[in-house]
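Asker: Quick one, structure for this:
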Amino acid sequence: MKNILITGGAGFIGSNLAIRLKRIGYDVTVLDNLSRQIHGNDPINTSPLYKSLVDEKIKFIRGSVLKRKDWINGIKGQYAIVHFAAETGTGQSMYQIKKYTDVNIGGTSLMLDILTNSKHNVQKIILASSRAVYGEGKYSCSKDGIVYPMTREERHMNKGDFECKCPKCGGKLSLEATDEVSIIHPSSVYAITKQIQEQLVLTVGKSIGISSVAFRYQNVYGPGQSLSNPYTGILSIFSTQIKNGNNINVFEDGKESRDFVYIDDVVDATILGLETPDLYYEVFNVGSNESIDVLRVAELLKSRFNSDIEIKITGNYRLGDIRHNYGSLNKIKSKLTFNPKVDFQKGISQFCKWVDSQNVQKDNSLNSIRIMKSKGLYK
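Answerer: Okay, the predicted model is just below:
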């Protein structure tokens with residue numbers, strides 16, 4: 001039996017992975033600080049994610065990736081580390097800079113420092129990275145071919161022009177699937193921390209002979225996702241707004257798009273990373289191979305919940321957000337034989353069925369916008 005440590009294993013993705021691994025025979029340990037933003041003020045008694053681990057009798061360490069003693073306690077006897085523990089809100093990262101860099105970069109650095117300078121049994125590290133590292137990703141221009149546009153300019157967005165421009169000629173672009181060799185230019189503090197995490201893990205892992213793999217997850221969703229965290233995925237945010245009878249305010253013109261990948265597919269991909277032999281210092285996209293615009297998401301949720309709320313396209317935007325991105329799956333299909341099984345229609349149906357079974361959570365989205373607006377990050 002192989003021992004696996006999952007940091008951040010009480011979170012949405014981590015808990016789903018922990019439970020699946022336990023059920024297929026792994027000995028799983030979770031290290032998690034039970035953050036209030038994700039688990040609420042009384043997580044031991046009220047967090048369904050934490051309770052799901054308890055129900056499965058998964059070994060749990062309540063601790064922090066910023067504390068050496070917690071890492072040492074967690075690493076002891078482990079074959080592999082799946083490193084999920086991180087602050088994850090793109091918008092929030094733009095004003096909580098120190099917190100995001102401390103946890104995401106500092107916590108990862110501490111892990112690698114311990115692995116480099118102490119005896120252990122760790123043979124593999126799986127890092128949860130993000131599609132955010134790409135920034136705007138890959139596009140094609142009829143004149144200049146494949147290009148990688150930089151951050152959109154406020155002077156264009158203030159006029160309601162939200163699409164990316166060719167960085168060479170300024171012309172219109174067509175979206176392409178972003179592959180792993182695409183140019184990286186993160187546009188938020190969160191994204192920068194994920195890029196640095198990748199570089200740290202792959203570089204140090206190689207230097208000390210630990211097989212290291214980074215998965216660039218697209219927008220993960222599904223049952224169990226926090227319905228109260230205003231910095232989580234838009235499916236959860238919109239669902240909570242609808243359940244509270246609040247209108248949905250869609251940023252920009254609603255045509256911005258994302259690659260939504262279902263939680264079960266993400267778990268499948270991650271287990272393939274753990275179980276595939278001779279996998280060294282690789283980066284993989286994990287997505288659905290489909291681009292869905294935000295307005296369509298809002299309309300589908302409104303229909304699924306049979307709601308009469310209004311969907312308002314505001315024209316507002318957040319600094320640090322990208323316009324479009326979806327990941328090419330050619331590499332992960334070839335090397336790990338991964339194929340997503342749950343399409344968006346099926347996935348959103350299962351997600352909405354789960355939401356209907358939950359207590360209605362407080363809608364904190366307007367407060368998060370007020371904070372960003374006060375700091376000049378919401379226009």
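
Asker: Please make it C-alpha for all contacts and neighbour counts, starting now.
Answerer: Noted.

Asker: and the closest residue to His156 other than its chain neighbours, what does it touch?
Answerer: Closest residue to His156 apart from its sequence neighbours, by CA to CA, 6 or more residues apart in numbering: Phe162 at 6.8 Å. Each residue near Phe162 by CA atoms under 8 Å, 6 or more residues apart in numbering is listed here: Arg152, His156, Glu252, Asp253, Arg323.

Asker: Check Glu163 too.
Answerer: Contacts of Glu163 by CA under 8 Å, 6+ apart are Arg152, Arg323.

Asker: would you say it is within a helix?
Answerer: No - counting by DSSP: H, G, I helix; E, B strand; the rest coil, Glu163 is not found in a helix; it is coil.

Asker: pLDDT wise, what is it at?
Answerer: Looking at Glu163, its pLDDT is 96.

Asker: Leu319 too?
Answerer: For Leu319, pLDDT reads 86.

Asker: Chain neighbours aside, what residue packs nearest to it?
Answerer: Leu377 (5.3 Å).

Asker: Same question for Asp308.
Answerer: Lys302 (7.4 Å).

Asker: Can you give me the separation between that neighbour and Leu295?
Answerer: Relative to Leu295, Lys302 is positioned 11 Å away (criterion: CA to CA, to the nearest Å).

Asker: what ranges do the helices span in the stretch 201-350 of the chain?
Answerer: Assigned by DSSP state H, counting those that start in this stretch, the stretch 201-350 of the chain shows helices spanning 234-243, 263-275, 294-304, 330-336, 344-356.

Asker: still on that earlier bit, quick check: the residue nearest to Leu319 touching Arg318?
Answerer: Yes - counting by CA atoms under 8 Å, Leu377 touches Arg318, with 5.8 Å between them.

Asker: how near is the residue nearest to Gly63 when sequence neighbours are not counted to Asn289?
Answerer: Counting by CA to CA, 6+ apart, Asn33 is the residue found nearest to Gly63 once chain neighbours are left out, at 4.9 Å. For Asn33, the distance to Asn289 equals 33 Å [CA to CA].

Asker: Ok, Tyr378 next?
Answerer: 30 Å.

Asker: Burial check on Gly14, number of neighbours?
Answerer: 23 (other CA atoms under 10 Å).

Asker: what sits against the residue nearest to Gly63?
Answerer: Residues near Asn33 by CA under 8 Å, 6+ apart: Gly8, Arg62, Gly63, Ser64.

Asker: what about the third one, neighbour count?
Answerer: I take that to be Gly63. The burial count for Gly63: 20, using other CA under 10 Å.

Asker: That one contacts Asp70, doesn't it?
Answerer: Yes - using CA under 8 Å, Gly63 makes contact with Asp70 at a distance of 5.7 Å.

Asker: Find residues that contact each of these two.
Answerer: Leu31.

Asker: helix/strand/coil for Leu5?
Answerer: Leu5, by the three-state scheme (three-state DSSP), is strand.

Asker: Quick one: neighbours of it, just the number.
Answerer: Leu5: 27 neighbours (other CA under 10 Å).

Asker: okay but it is in contact with Ala80, surely?
Answerer: Yes - judged on CA under 8 Å, Leu5 makes contact with Ala80 at a distance of 6.3 Å.

Asker: residue ranges with poor pLDDT in this protein?
Answerer: 1 (pLDDT under 70).

Asker: contacting residues around Asn247?
Answerer: Asn247 neighbours (CA under 8 Å, 6+ apart): Gln241, Ile309, Glu310, Ile311, Lys312.

Asker: Identify the farthest-apart pair in those.
Answerer: The two members of the contacts of Asn247 with the most space between them (CA to CA) are Gln241 and Lys312, at 12.4 Å.

Asker: picking that back up, the residue nearest to Gly63 and Leu336, how far apart?
Answerer: Applying CA to CA to Asn33 and Leu336 gives a distance of 32 Å.

Asker: Over to Ile19?
Answerer: According to CA to CA, Ile19 stands 22 Å off from Leu336.

Asker: For Gly170, see how far away Gln199 is.
Answerer: For Gln199, the distance to Gly170 - CA to CA - is 32 Å.

Asker: likewise Thr88?
Answerer: As for Thr88, its distance to Gly170 is 32 Å (criterion: CA to CA).

Asker: Neighbour count for those two, which is higher?
Answerer: Legend: neighbour count by other CA under 10 Å for Thr88 and Gly170, higher for Thr88 (18 against 11).

Asker: and the more buried one, what does it touch?
Answerer: Counting by CA under 8 Å, 6+ apart, Thr88 has contacts Tyr190, Tyr231, Thr232.

Asker: got it, and Thr101?
Answerer: Val189, Thr193.

Asker: surely Ile192 meets Ile184?
Answerer: No - with contacts counted by CA under 8 Å, Ile192 stays clear of Ile184, the gap being 9.8 Å.

Asker: Which one of these two is surrounded by more residues?
Answerer: Ile192 (23 against 20).

Asker: Name the surrounding residues that touch the strand or helix carrying that one.
Answerer: Ile192 belongs to helix 189-208 when assigned by DSSP states H and E. Helix 189-208 is touched from outside by 87-90, 93-94, 97, 100-101, 104-105, 108-109, 112, 116, 125, 127, 129-130, 132-133, 135, 186, 211-214, 280-282, with contacts defined as CA under 8 Å, 6+ apart.

Asker: hmm, try it at 6 Å
Answerer: Thr90, Ser93, Met94, Ser129, Ala132, Val133, Pro186, Ser212, Tyr281 (CA atoms under 6 Å, 6 or more residues apart in numbering).

Asker: In contact with the last one, which residues?
Answerer: This points to Tyr281. Taking CA under 6 Å, 6+ apart, one finds Leu202, Ser212, Val213 in contact with Tyr281.
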